[in-house]
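Student: Output the structure for:
(4 chains)
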Protein chains: 2
Amino acid sequence: MLRNDYPGQVCSIARSLEVIGERWTLLIVRDVMNGRRRFDELQKGLGVARNVLSARLQRLVEEDILERRAYQQGPERHEYFLTEKGLDLWPALVALLAWGDRHSPNPDGPPMLIVHKECGGAVSDRGICESCGKLLHARDARPVPGPGLESTGGKAEAVAAR
Amino acid sequence: MLRNDYPGQVCSIARSLEVIGERWTLLIVRDVMNGRRRFDELQKGLGVARNVLSARLQRLVEEDILERRAYQQGPERHEYFLTEKGLDLWPALVALLAWGDRHSPNPDGPPMLIVHKECGGAVSDRGICESCGKLLHARDARPVPGPGLESTGGKAEAVAAR
DNA sequence: TGAGTGAGTTGCTTGACGCAACCTTGTGTG
DNA sequence: CACACAAGGTTGCGTCAAGCAACTCACTCA
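Tutor: Okay, here's the model as predicted:
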């Protein structure tokens, strides 16, 4: 997205998209959710331009979706963490993931799966554990590499689970 | 979004966003889901530029998210309908709506609510009826104007429920 | 001393978006 | 008959965001 406002729209979907509808933003959130926390790590993982990443991170911190914490002094270095508001985007990400898997599937199967931490069950498009039936939240699940991961050379190795 | 591809990303979220992550696209899908089907109706409702709307509709038809049907000959006129693939975006839209309502609420309450057609119950962020507990799909629910609709003059009157 | 790293910032170019005008086929109105 | 109007676009132009590469800055390590 270019401009991030949808003038005249009185709708919560439009308001959500004003914040997270910009190009790269949702992928940044996904990566932070998957344990990437540092600038270069995000930049290399996504292949996004550095100035754009910088702008997005700033916006996400302003919007209280990410929190920026210093992890070292000297040359100050920061890590980005999801706030509760950011973690609450999990159902939307899960829905998009499921939609992509269903309607433009990888020939080898999905590249990423989401599983329930507690019981290891697969997570449905609604964020419900298909094994134990519980309604899950971001902290209850973690991503695992799926069978379709190899397709581009497996550059995207599994990142640390939160 | 500008370009609609995220090179190097092996992820279903990224692949979903390549299609529906462009500016306006998801709002167009939302409007069609809410019963707007014609070019001018969409254009006036959204305030999007006509050339952009034209490009988005074409892309959505190519991607099999919308279907274009002639409803009159003479000067051919068309309407746009959601395919099954398009209807399957409903959980993602519901999740985004719920996120917007929760984290950047209207002072007067949400401008739009989604209710279960069968029992009239409110629909949760996971697309589950809070009254009868059923897991819903696009056809099971309809939007109704919420208490926060008046905020900008009520320009967006309720559209026909599907 | 020199190379390397993390986290950006700056400057330039390209291209998507917003806007207004135009086009086409038909219907209604005086 | 002439003219206006409508629906559903297409075309042209200017602006502003994205992509890319180069640069900075403060430190670390060999």
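Student: and chain A, which residues reach DNA strand D?
Tutor: Of all the residues in chain A, those in contact range of DNA strand D (C-beta under 7 Å from any atom of the strand) are A:1-3, A:22-24, A:47-52, A:55, A:74-75. Bear in mind the C-beta positions are built from the backbone N, C-alpha and C, glycine included.
Student: which one in those is the model shakiest on?
Tutor: Ranked by pLDDT, the residues of chain A next to DNA strand D bottom out at residue A:2, which scores 34.
Student: Can you name the residues that contact residue A:20?
Tutor: Neighbour list for residue A:20: A:26, A:29, A:65, A:89 [criterion: C-beta atoms under 8 Å, 6 or more residues apart in numbering or on different chains].
Student: Next, give phi and psi for the spatially closest residue to the last one that is not a sequence neighbour.
Tutor: Going back to what we said before, that points to residue A:89. Counting by C-beta to C-beta, 6 or more residues apart in numbering or on different chains, the nearest residue to residue A:89 once its immediate chain neighbours are dropped is residue A:29, at 5.7 Å. Here is the backbone geometry of residue A:29 (degrees, to the nearest 10): phi -60, psi -40.
Student: tell me the contacts of the residue most central in space within chain A?
Tutor: Among the residues of chain A, the one closest to the centroid is residue A:30, at 1.0 Å (C-alpha atoms, centre = their mean). Neighbouring residues of residue A:30 by C-beta under 8 Å, 6+ apart: A:93, B:11, B:13.
Student: can we see that at 7 Å?
Tutor: Contacts here follow C-beta atoms under 7 Å, 6 or more residues apart in numbering or on different chains; on that basis residue A:30 touches A:93, B:13.
Student: Check residue A:25 too.
Tutor: Applying C-beta under 7 Å, 6+ apart, the residues near residue A:25 are A:56, A:60.
Student: Could you pull up phi and psi at it?
Tutor: phi -60, psi -50.
Student: Let me know the pLDDT of it.
Tutor: You'll see residue A:25 listed with a pLDDT of 94.
Student: low-scoring stretches of chain A, by residue?
Tutor: Low-confidence regions of chain A, defined by pLDDT under 70, span residues A:1-10, A:150-162.
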